[in-house]
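[1] Sequence plus predicted model, see below.
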Amino acid sequence: MRNTMLIAKREYLEQVRGRAFRMTTVGVPLVFALIVGVGYLSSLNLGAGKHLAVAATDSLMASEVKAQLLGDKNAKTKVDVLAPATAIDRTALVGQVQSKAIEGFLWIDTTPGQAPKATYTSQSSGDFITGGRLKSAVNHALLDAHLTGGGMKHADADALVDGVSIDTFQVKKDGSVVKSNAQASFWKGYVMAILLSMTTMIYGMNVARSIIQEKTSRIFEVMLAIAKPGDMLAGKLIGVGAVGLTQIAIWLVAGAAILFSPIAAAILTGDFAVHVSWTETILFPVYFVLGYLLYSSLFAGLAATCETEQELQMYMPLAAAPTWLSFSLILLVINDSNSFWSVAASFFPPTAPVIMFLRMASQIPPAWQFAVSIALLLVSIWAVLWVSARLYRVGILMYGKRATLPELVRWLRYS
Amino acid sequence: MPVVELAGVNKAYESKVAVRDLSFSIDAGQMFGLLGPNGAGKTSSIRMMMGITMPDSGQISLFGKPFERESLQRVGYLPEERGLYKKMKVLQQLVFFGELHGLTPSEARKRATDWARKLEIDDALGKKTEELSKGMQQKIQFIGSVMHDPGLIVMDEPFSGLDPVNTKLLEQTLIELKEQGKAILFSTHRMDQVEKLCDSICLINKGEAVLAGRMREIKSRYERNRIIVEFEGSAAFLESPEIAEAKNFSGHAEIRLKEHGDAQKLLHEASAAAIIYRFELVEPSLEEIFIQTVGGKADA
C-alpha cells in the first residue's frame, strides 16, 4: 500500500505541476463556454433575416400570413405579398428564387369548397426552421379567418389563436411543488453529462498515455524490481484519478463562485434559473470516479499491449464507443427518463455515468436505482481491472512487437 | 550463508527454453560475473532473481530465505533496459526511488546528495532528467540502485554507454561496495572488466551453465598454451611445427601452441633465429576461454 501511495503521489504531482493541467483547467471551461455560447447565439438567428414572398389567390389570407410572419420579431423576415396571384406570377416567382432576388415563396391556394393547400418553394431544401414558421403562420391565418368569418372579433380571434403559455411545476420527493424549467433542466443535465464523459475520457487517456510513455522510456523494469505490477497500476489509477478530482473540484468551486456572484444572479433567473441539487453535487464526483476507473483500467490494459501512442489511438474510437452510445440515447431518456430502456441504460456500466446524469436532469431516480447502477459499475470495474492487470503485468515488459490476439489470450492465461 | 542462491532453476517461454537447470550462489563481499552470448539467458535469470518473472521450477533464495518480495528492499537493481522519468528533476526522482526502497524522504534526500557528490554529478540534481547526457542518466540510475544500501547489487550491463573516465569511476565504486561486504552480480560482454573485477563467474549458453566457479580456479583448468614473444631479427621461428596460430606485430608475437606443442623446443628455435627480449608462457584470457567454450554454439 505504501508503494501504491508513493507511485500515486508521484503521478499526481507530475501531472498537477505540468503545463497541460494548468491549460486544461482554465481552457476546458472556456472552450466549453465558447461552444455553448456560440451555439446559443447562432440558434437565436436560425432562419432569421429571410426575404420571402407570399402569393395567394385570396388577398386577405396573404395579408394575414404576412402579418403573422412579421409578428415573429426574432425572425426579422422581409415579406412581399402577391395577391391575387396567377399561374404566370408563379413562374415569375420561381425566376426570382432562381436569380436569388428572394429566398423562397409561399404559395397558398384557397379555392372555395376545397381544403386549402400551401407550398413553399425555395433555394434550400433543408430549411426546416423557415418551413416551421410558415406552417405556423398559415395555420394561424386560416384559424383566424375562420373565427372572424364566424363573427368573432379580430382581437379575440388573435388572442385565442396565440394560445396560452404553460408553466411547468415539479412534485418533489418531499411532496413540495416547485416551479421547474424543463429546458434549463435538460441543458444542465446535458452539460454535466458532457463534462462527466469528457473528464472520464481525458483522464482515462492520461493513464494510457502515461503507461505508453513509461514503456517507451523503459522505466518499468526498474520499477518492477521495487514494486508489484498491481501496486504500480493501482498507484497510477489513483494518482491520475486524483488529478481529475482536483480539476473537477477547481471547476466546481469556480462554478459556484460564478453562480453565486451578483452578475450571475441577475442573469440566471426566471427561465434561465439553474438549480444543482445536493444529490447531483455528491454524485458527480462519485460517477466520475467510477466511470474513470472503468475506462482508465480498460485503457491501461490496452496501453500495455501497445508500443506507441499512435498505435493506442487506433483503439480509442472503439474504446470510447459506449460514451457515444450514451449520447445517442439522449432523446430516449428525455422522452421518458423512467422507461425500461432509460433505466437499463443507466444500469449498463459503460453508459451508466452519463445516462444517470441525463435522467437526473428530468427527475431524480429512486435510491435503489443508484445503488444498482453503482454496484454494477463496481463489479465491472473489478472485472476489467482483473483482465487489465494481467495484460499490464506481461505487456509492460514486451518491447518491439505488437501483441497478436492469440498472444493476448496467452498473457491472460499465464500471467 | 550465500546472499543469493539459484538451485536448479528452469524457465521456458512457450517452446523456447530460456534457462535450464541453472545453479549458482554469491556470498557477501563477492563480485560475480554472469556471462554469456546474446540470448543466452542472462537477463531471464536476473529477472527471476528480481521477482519480475517466476521460475517454472527450481528455487531462488535471497539472504538465506526462499524468494519473497520483502527481500527486494535489500536488493539494488540496474536493469539492461534502463529508464528514468524524463520530466522529473533528478533529486525528486532519486528521493522517489529511495522512498520506494523504504527510506524516509529526508534520508533519501541526504543519501542522493552524498552519492551525487561522490559520482561528480551534484550539479545535475536540480535538472530534469531529459536535460542530461546518457552517461549522466546512467550514473543517476546507478545511484537509484545503491542509495538504499542494499546487501545485494544486481547490474545488467552496467558499463554500457559510459566513457572510459566514468567506466573507471564506476569500477572503483563497485570495488568499494564489494569491500563494504556487498554481494555484487553483473552481467556484461566486456571480458576485460570481468577479469579485472570478478571473483567468480558463471558462463551460460543457450540457458545452461557451461562454466562456473572462482576465476582463478577456472583459469587454472586451462592449459597455459599461449606465449608472448618480443624479439629482434628473423621471424622464421613463427613457422615452427609446435605453433597452432601466431600473430606477429613487428617484434611482438602472440602465439598459441598446438595441443601438445613444446614451449621449450620453440624457445630454442626462436633464440636461434632472433634475439629474444621476452618469452612468456601466459594463461588464457577470459575472452579466449569464453570463445573456446561458447564459440560456434552461440545463438547471436
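    Happy to help now that I have it.
[2] for the stretch 151-300 of chain B, what spans make up the helices?
    When assigned using DSSP state H, counting those that start in this stretch, the helices of the stretch 151-300 of chain B occupy the ranges B:164-179, B:191-197, B:215-221, B:263-273, B:286-294.
[3] need those helices in JSON lines with distance to chain A and mean neighbour count, can you?
    Backbone N, C-alpha and C define where each C-beta goes, glycine included. Written out in JSON lines, the entries for the helices of the stretch 151-300 of chain B read as follows (distance: least, Cβ to the nearest Cβ, whole Å; neighbours: other Cβ atoms under 10 Å in any protein chain shown):
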{"stretch": "helix B:164-179", "distance to chain A": "17", "mean neighbour count": "15"}
{"stretch": "helix B:191-197", "distance to chain A": "22", "mean neighbour count": "17"}
{"stretch": "helix B:215-221", "distance to chain A": "27", "mean neighbour count": "13"}
{"stretch": "helix B:263-273", "distance to chain A": "49", "mean neighbour count": "16"}
{"stretch": "helix B:286-294", "distance to chain A": "25", "mean neighbour count": "18"}
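[4] Rebuild the ones you listed as JSON lines, extending it with distance to A:I396.
    As requested, the helices of the stretch 151-300 of chain B are arranged in JSON lines below (distance: least, Cβ to Cβ, whole Å):
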{"stretch": "helix B:164-179", "distance to A:I396": "28"}
{"stretch": "helix B:191-197", "distance to A:I396": "30"}
{"stretch": "helix B:215-221", "distance to A:I396": "36"}
{"stretch": "helix B:263-273", "distance to A:I396": "56"}
{"stretch": "helix B:286-294", "distance to A:I396": "31"}
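[5] ok, A:L329 to chain B distance?
    Applying Cβ to the nearest Cβ, to the nearest Å, one obtains 40 Å for the distance of A:L329 from chain B.
[6] Quick check on that residue: phi, psi?
    Note on A:L329: its backbone torsions stand at phi -90, psi 10 [degrees, to the nearest 10].
[7] Which residues are in contact with it?
    A:341-342, A:345, A:351, A:355, A:358 (Cβ atoms under 8 Å, 6 or more residues apart in numbering or on different chains).
[8] what's the nearest residue to B:P150 if we skip its chain neighbours?
    The spatially closest residue to B:P150, leaving aside those adjacent along the chain, is B:G76, at 3.8 Å (Cβ to Cβ, 6 or more residues apart in numbering or on different chains).
[9] For B:G144, see how far away the one you found is.
    8 Å (Cβ to Cβ, to the nearest Å).
[10] Let me see the ranges of the strands in the chain.
    Using chain A here. Counting by DSSP state E, one finds strands in chain A at the ranges A:51-56, A:78-82, A:104-109, A:117-122, A:168-171, A:177-180.
[11] Chain B, not that one
    Across chain B, reading from the start of the chain, the strands by DSSP E fall at B:4-13, B:16-26, B:31-35, B:57-62, B:65-66, B:75-78, B:152-156, B:183-187, B:200-205, B:208-214, B:226-233, B:243-248, B:252-257, B:274-282.
[12] what residues does chain A put near chain B?
    Among all residues of chain A, those adjacent to chain B (criterion: Cβ under 8 Å from any Cβ of the partner chain) are A:3, A:6-7, A:10, A:14, A:18, A:214, A:217-228, A:397, A:399, A:410.
[13] Is it possible to mark the buried ones in those residues?
    Burial of the residues of chain A next to chain B was assessed by neighbour count (16 or more other Cβ atoms under 10 Å in any protein chain shown); the buried members are A:3, A:6-7, A:10, A:14, A:214, A:217-228, A:397.
[14] Looking at those, which are in helices?
    The members of those that map onto helices under DSSP state H are A:3, A:6-7, A:10, A:14, A:214, A:220-224.
[15] mind putting the residues you listed in JSON lines, pLDDT included?
    Supplementary listing: these in JSON lines, determined by pLDDT from 0 to 100:
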{"residue": "A:N3", "pLDDT": "85"}
{"residue": "A:L6", "pLDDT": "92"}
{"residue": "A:I7", "pLDDT": "91"}
{"residue": "A:R10", "pLDDT": "90"}
{"residue": "A:E14", "pLDDT": "86"}
{"residue": "A:E214", "pLDDT": "79"}
{"residue": "A:F220", "pLDDT": "78"}
{"residue": "A:E221", "pLDDT": "78"}
{"residue": "A:V222", "pLDDT": "81"}
{"residue": "A:M223", "pLDDT": "83"}
{"residue": "A:L224", "pLDDT": "79"}
